[in-house]
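Colleague: The amino acid sequence is not available; the structure is as follows:
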């Protein structure tokens, strides 16, 4: 059995446990919301900080800056392409912003970290942390504006939107790496255990969120399916083709491509609901793309990288 399929089955079992707990009301909306905040504010930053405890070397430093440059380039090109896609499928009003967001931002945290760690091992999470920095900067600022354009709830950009635990932990971890600052003793052990909670908690939360969604309301919107295909198949294949043509190999190819196979970021529904966007379409897009990704992620990982 290919490693990607094996690990996807493991992650699916974790997701299914969250789905069942959600259906049985063991994990209610408030509990899931609290778990999400716990992951975002505590376990994920701990995972990032520990994953960046690498011995300094000029080669790894250069790889980090290269990864950051690739990530910014992909996000800057993904945005206009997503706008064209939303127009092509004739999305209108607030729904258009949902499809633009879905075409731009993938679930690189809640699903990206667990899947990359499962497929490639923990050593790759240093590169994943660096690659995800632009997501943290853009999804909670520009992404919110995309989802709420034209509504009274649309926020203005502020420095506060760019300061969050994910960015702070990545920045601190990179500074520690550059300065050869080592975390040790009980603090390292505690952060490691805390970070290791990210994968099971993230998959359980995603399962619980999916359990609350109205499947009947999802089935009637063709554009949701079209954007799911764009997000899960067309976009990652385009990233693979361009980076391969540019001569990228190893982590510089695998990290951007596999993260591009992730479903629409769960933040789409959360942010739409919080700021008065089209939360119904956003929830449907998250549901469909996440469900379908359980097949497309291992399929593309096996096809493109032989995992």
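Modeller: All right, it came through fine. Keep in mind it's a predicted model, so treat the numbers as computed, not measured.

Colleague: quick check: mean pLDDT across stretch 11-24?
Modeller: Looking at stretch 11-24 alone, the average pLDDT works out to 91.

Colleague: Buried residues, it. List them.
Modeller: Applying a neighbour-count criterion of 16 or more other Cβ atoms under 10 Å, one finds 11, 14-15, 17-19, 21-22 buried in stretch 11-24. C-beta here means a position set from N, CA and C on the backbone, and glycine is covered the same way.

Colleague: Would you mind pulling the contact partners of it?
Modeller: Stretch 11-24 is contacted by residues 27, 32, 114-115, 118, 199-200, 203-212, 294 when judged by Cβ atoms under 8 Å, 6 or more residues apart in numbering.

Colleague: which residues does residue 176 contact?
Modeller: By Cβ under 8 Å, 6+ apart, the neighbours of residue 176 are 49, 52-53, 182-183.

Colleague: Can you give me the distance of it to residue 49?
Modeller: Here the distance between residue 176 and residue 49 works out to 8 Å (Cβ to Cβ, to the nearest Å).

Colleague: which residues do those two both contact?
Modeller: Counting by Cβ under 8 Å, 6+ apart, the common neighbours of residue 176 and residue 49 are residue 183.

Colleague: confidence score at the residue positioned nearest the centre of the chain?
Modeller: Per Cα atoms, centre = their mean, the C-alpha nearest to the average position across the chain is that of residue 108, at 1.8 Å. Reading off the confidence values, residue 108 has pLDDT 91.

Colleague: what number of residues lie near residue 76?
Modeller: Applying the criterion other Cβ atoms under 10 Å, we find 12 residues in the vicinity of residue 76.

Colleague: Also residue 212?
Modeller: The burial metric for residue 212, expressed as a neighbour count using other Cβ under 10 Å, is 15.

Colleague: With adjacent residues omitted, what lies nearest to it?
Modeller: Computed as Cβ to Cβ, 6 or more residues apart in numbering, the closest residue to residue 212 that is not its neighbour in sequence is residue 22, at 6.0 Å.
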